[in-house]
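> what follows is a predicted structure for the sequence shown.
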Amino acid sequence: MKTFLPHKGIPPGFLTILVISLVIRIALPFLGGFERNFYKSPDTDDYLISARTLLQSGCFNNMDGPEIKRTPGYPCFLMAGMVTPKPVAIVIVLQVLIDIFSVILIYQVAFFLSGNLRLSLFIMALAAFDPLHIIYCYKLLSETLFSCLFLLFLIFAVRWLRKPAIDAAILSTTFLTLATFVRPVTFYLNILFPFMILIISLIKKLPLKTSALSLLLTVLFVCPLFVWQYRNHAVANYHGFSAIQDINLYFYNAAAVQAKLENKPFYQKQHELGFNNPIQFKASHPDYPELNDAKVYSYLKKDAVRVILSHPVLYAQIHLKGIFRILIDPDMVEWFRMTGQYPESGGLLGEVADSGLIATICRLMEERPVFFFINLGAGLLLACLYILVVISLIRQSGHPVLWFLFSILLYLLLVSGGPAALGRFRHPIMPLFYLIIAIGFIDRKKRIASQGHETVL
């Protein structure tokens, strides 16, 4: 399989960026004054418990029985660290290496798309020194692994778009399926992708054999997702792919609507509904099954959909605000959490949901000026990035690969919006911005010359 290795030799500046980015990631724990449990987030324990039960019994369980909230991808990855005496350290090292690998991939595909060496090195530097990607190397969360697998999907999907081939179709779908087992946010993209293959095949008038085989293989490689749904039904009588989607729909999306209607703080409404509190949940839902019973999730989903559809305009506003937060939130909050200067749960999310973004920013400027200005600096860097993205969309408005990437970007933003949305959700979207910029500043003459340097992976 050919991939994007643009040079026979190493270009000037490549190693410098790579070494500095690696040194930053290695030195960060020693310079940052991290707390003892800096690697933990509210979701971390769920992953660790599932990984431990997988390792000990071969079953994907949690403390209450079969695990249906989480998908098995990231717990399987954590098992690589759990077989060693220093599991957290090993997992962090692996995540650092995966993130560095992603940086190299971004450089390679940027050069392949643009033919512009300086631009590709600039994009590589953006990826290498992105605070979001650096911070999440040290969190036992699925972001780093998911983003790498999703990037590999994008690379081979782009390869198929430029030169349709069976192996590119297989690899793109494989990496997308693997990414979905790590984070279910791309579940619906797995269903949409075969239709995209079909539409592109018709537009390009591809040979029947190539288009039919590509379509068939993309459909076949999606099947493991439905096998997992069958597993959930068999072990817990749950019909979905991941119950976390139903939990978020009820305790975040519907709760935000109800909080607005009742003029209550968002976190107060979550507490009243019994979020992460089985006793309170039973008190407020006497007719429902227990919170740890798989049957409850169908009730939660049905109620959440009813609340949202009853107030579509209000929910649309809440959802769009979430998308806006994904785009503008620098997420430096995680740095302060890791150094013990910010609470592990709660905080800005509830305040933004209750008071709005502008009021929250004004309060931060008055009460936490250091926190505010660090976020402001990171936010200005994001603004510069978005300016380059907009210029790229204007300059290459007819480029099919650009619009494919942009459609994937819109998908991720739409499914990630809502009251739970944070800058963290931008993690897998950042490579899409970089690749759009690469297309926007194509050097056609150099790009044609670079095609002779493709090598075999």
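The structure has been received and is ready for your questions.
> in the helix or strand containing Phe324, which residues are buried?
Phe324 belongs to helix 312-328 when assigned by DSSP states H and E. Neighbour counts over helix 312-328 (16 or more other Cβ atoms under 10 Å) mark 315, 318-319, 321-323, 325-327 as buried. Quick note: C-beta positions are derived from backbone N, CA and C, even for glycine.
> now for it, which elements pack on it?
Under the contact definition 3 or more Cβ pairs under 8 Å, 6 or more residues apart in numbering; DSSP states H and E, helix 312-328 sits against helix 255-262, helix 348-355, helix 357-367, helix 369-395, helix 400-416.
> quick one: closest of these to Gly73.
helix 400-416 (17.2 Å; Cβ to Cβ).
> between that closest one and helix 312-328, how many degrees?
120 degrees (axes from the mean of the first three to the mean of the last three Cα atoms, to 10 degrees).
> list the contacts of helix 400-416.
113, 154, 157-158, 161-162, 185-186, 188-189, 192, 196, 322-323, 326-327, 392-393, 396, 425, 428-429, 432-433, 435-436, 439-440 (Cβ atoms under 8 Å, 6 or more residues apart in numbering).
> what angle sits between that helix and helix 369-395?
Going by the same axes, to 10 degrees, helix 400-416 makes 140 degrees with helix 369-395.
> can you show me the CA trace of helix 400-416 as CSV?
Output in CSV follows, covering the C-alpha atoms of helix 400-416 (Å, rounded to 0.1, in the frame of the first residue of the first chain):
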residue,chain,number,x,y,z
PRO,A,400,-13.4,17.7,-3.9
VAL,A,401,-11.0,16.5,-1.2
LEU,A,402,-11.4,19.8,0.7
TRP,A,403,-15.2,19.5,0.7
PHE,A,404,-15.0,15.8,1.8
LEU,A,405,-12.8,16.9,4.8
PHE,A,406,-15.1,19.8,5.5
SER,A,407,-18.2,17.5,5.5
ILE,A,408,-16.5,15.2,8.0
LEU,A,409,-15.6,18.3,10.1
LEU,A,410,-19.3,19.4,10.1
TYR,A,411,-20.4,15.9,11.1
LEU,A,412,-18.1,15.8,14.1
LEU,A,413,-19.2,19.3,15.2
LEU,A,414,-22.9,18.4,14.8
VAL,A,415,-22.8,15.2,16.8
SER,A,416,-20.5,16.7,19.5
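> in that helix, what's buried?
So helix 400-416, judged by 16+ other Cβ under 10 Å, has buried residues 401-402, 404-406, 408-409, 412-413, 415-416.
> and that helix, how far out from the chain middle?
Its chain's C-alpha centre and that of helix 400-416 lie 13 Å apart, by Cα atoms, centre = their mean, to the nearest Å.
> C-terminal to that helix, what's the next element?
Taking DSSP H and E, what comes next after helix 400-416 is helix 430-440.
> what's the lowest-pLDDT member of the buried residues of helix 312-328?
Lowest pLDDT of the buried residues of helix 312-328: Arg325, 89.
> how about stretch 194-203: buried residues?
Buried residues in stretch 194-203, counted by 16+ other Cβ under 10 Å: 194, 196-198, 200-201.
> and it, what's its mean pLDDT?
79.
> strands of this protein, start to end?
Applying DSSP state E to the chain gives strands spanning 2-3, 61-62, 65-66, 455-456.
> want to try TSV for the buried residues of helix 312-328, with distance to Val307 as columns?
What follows is the buried residues of helix 312-328, written out as TSV (distance: Cβ to Cβ, whole Å):
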residue	distance to Val307
Tyr315	8
Ile318	11
His319	13
Lys321	17
Gly322	16
Ile323	20
Arg325	21
Ile326	23
Leu327	26
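> ok, of those residues, which one's closest to Pro85?
Closest approach between those and Pro85, by Cβ to Cβ: Ile326, at 38.2 Å.
> circling back: tell me the one of the buried residues of helix 400-416 nearest Ile308?
Ranked by distance to Ile308 (Cβ to Cβ), the buried residues of helix 400-416 are led by Val415 at 14.4 Å.
> and that closest one, how far from Pro224?
Val415 is 20 Å from Pro224, where distance means Cβ to Cβ, to the nearest Å.
> then Leu140?
Leu140 is 25 Å from Pro224, where distance means Cβ to Cβ.
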